[in-house]
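Visitor: 3D model of this:
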Amino acid sequence: MSILRAIQIFLFYFLLATTSFIWCTISVFVAPFLPFRQRYRFVNQAWCTVAVWLAKVVVGINYEVKGMENIPDKPCVILSRHQSTWETFFLSALFEPLSQVLKRELLYVPFFGWAMAMLKPIAIDRSNPKAALKQLAKQGHERLEQGCWVLVFPEGTRIPSGQIGKFSRGGASLAVNANLPVLPIAHDAGKYWPKQGWDKNPGTVQVVIGPLMHAEGTGPRAIAELNDRAFAWVCQAQKDIGCLPADATATTAAPEKG
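Guide: Residues are numbered from 1 along each chain as shown. The predicted structure is shown next:
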């Protein structure tokens, strides 16, 4: 890594941390007095937009989106690949208000966690997968009824670029039980914002928003079929953008967690 690149990465993280601390501190005192939708825009959407912008101008991570026309007018369940932190920022800025599944421990982080707690997240205990699935089903349904998009990373953890993890059925189950479709999303953010390390690679993240997928019926079979269909679409989309080898399948993927 060149000295110039190291300086750019240091500057990026310094600005990201500084803006996060300042914005979360302000939000803790301002957000409680705002209606929920305005609170989400103030606390999360505004700062996540800044984070994506910083990644673009400081370390050269741009993005290109295809399939915007597939986004429905009403909220539904989003099933997205999870490769890095970048897509969390991007999707939180694109969809509002959005409730996402996150580790319960994050809510205990001073200021940052306190601000996040006001945005109706689905904070799960990953050490107890069965309880986490029940919580996703219950709170996810409540969030959808409240007019929130629900973001689910069905792989359960960040999977490095070039691999794909098995999809948990939690998101598909939530959609079927709420009689709503799923919106699959593929991307290659892991190429530019790797899962491990501090390095950032300049380039253009390709984000592909797929067609809405509705369940064919109800019950466990419908859930499994919808989940498999979403996985198949995401897997093919990842191959199309060069983020997966042509012979990649779920059986060669990293193991599912959570």
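Visitor: Now Leu98: phi and psi?
Guide: Geometry field for Leu98 lists phi and psi as phi -120, psi 130, criterion degrees, to the nearest 10.
Visitor: ok, it touching Leu144?
Guide: No: counting by C-beta atoms under 8 Å, Leu98 stays clear of Leu144, with 11.4 Å between them. C-betas here are computed from N, CA, C, even on glycine.
Visitor: Find residues that contact each of these two.
Guide: Overlap of the contact sets of Leu98 and Leu144 (by C-beta atoms under 8 Å, 6 or more residues apart in numbering) consists of Val150.
Visitor: list the buried ones in stretch 39-57?
Guide: Neighbour counts over stretch 39-57 (16 or more other C-beta atoms under 10 Å) mark 39-45, 47-52, 54-55 as buried.
Visitor: Quick one, grab the pLDDT at Thr252.
Guide: In this model, Thr252 is scored at 38, pLDDT.
Visitor: And for Pro35, the neighbour number?
Guide: Pro35 has 8 neighbours, counted by other C-beta atoms under 10 Å.
Visitor: In contact with it, which residues?
Guide: Here Pro35 is in contact with no residue (C-beta under 8 Å, 6+ apart).
Visitor: how close does it sit to Ile61?
Guide: According to C-beta to C-beta, to the nearest Å, Pro35 and Ile61 sit 33 Å apart.
Visitor: try Val30
Guide: Relative to Ile61, and taking C-beta to C-beta, Val30 is found at 29 Å.
Visitor: How about Thr25?
Guide: In terms of C-beta to C-beta, Thr25 sits 26 Å off from Ile61.
Visitor: Mind checking which of these two has more residues around it?
Guide: Ile61 (23 against 15).
Visitor: beta partners of the more buried one?
Guide: Beta-bridge pairing of Ile61 under DSSP bridges involves Gly203.
Visitor: does it really touch Tyr192, like I thought?
Guide: Yes: using C-beta under 8 Å, Ile61 is in contact with Tyr192, at 4.8 Å.
Visitor: overlap in contacts of those two?
Guide: Counting by C-beta under 8 Å, 6+ apart, the residues touching both Ile61 and Tyr192 are Trp86, Lys200, Asn201, Pro202, Gly203, Val205.
Visitor: just the buried members of those?
Guide: By 16+ other C-beta under 10 Å, those give Trp86, Lys200, Val205 as buried.
Visitor: Which of those fall in strands?
Guide: Val205 (DSSP state E).
Visitor: Run through this protein and note the low-pLDDT ranges.
Guide: For the chain, applying pLDDT under 70 flags the ranges 249-258.
Visitor: What segments of it are helices?
Guide: 3-30, 36-40, 46-59, 86-94, 112-117, 129-145, 170-177, 219-240 (DSSP state H).
Visitor: TSV for the buried ones among the shared contacts of Ile61 and Tyr192, including distance to Val234?
Guide: Converted to TSV, these look like this (distance: C-beta to C-beta, whole Å):
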residue	distance to Val234
Trp86	17
Lys200	24
Val205	15
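Visitor: Pick the one among the buried ones among the shared contacts of Ile61 and Tyr192 closest to Arg5.
Guide: Of all these, Lys200 has the smallest distance to Arg5: 8.4 Å, by C-beta to C-beta.
Visitor: And the closest one, how close does it get to Phe10?
Guide: Where Phe10 is concerned, Lys200 sits at a distance of 11 Å (C-beta to C-beta).
Visitor: can you redo the shared contacts of Ile61 and Tyr192 as a markdown table with distance to Leu106?
Guide: Output for the shared contacts of Ile61 and Tyr192, formatted as a markdown table (distance: C-beta to C-beta, whole Å):
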| residue | distance to Leu106 |
| --- | --- |
| Trp86 | 17 |
| Lys200 | 22 |
| Asn201 | 26 |
| Pro202 | 29 |
| Gly203 | 28 |
| Val205 | 24 |
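Visitor: In those residues, find the pair that's most separated.
Guide: Trp86 and Pro202 (12.8 Å).
Visitor: who touches both of the two?
Guide: With C-beta under 8 Å, 6+ apart as the test, Trp86 and Pro202 both reach Ile61, Tyr192.
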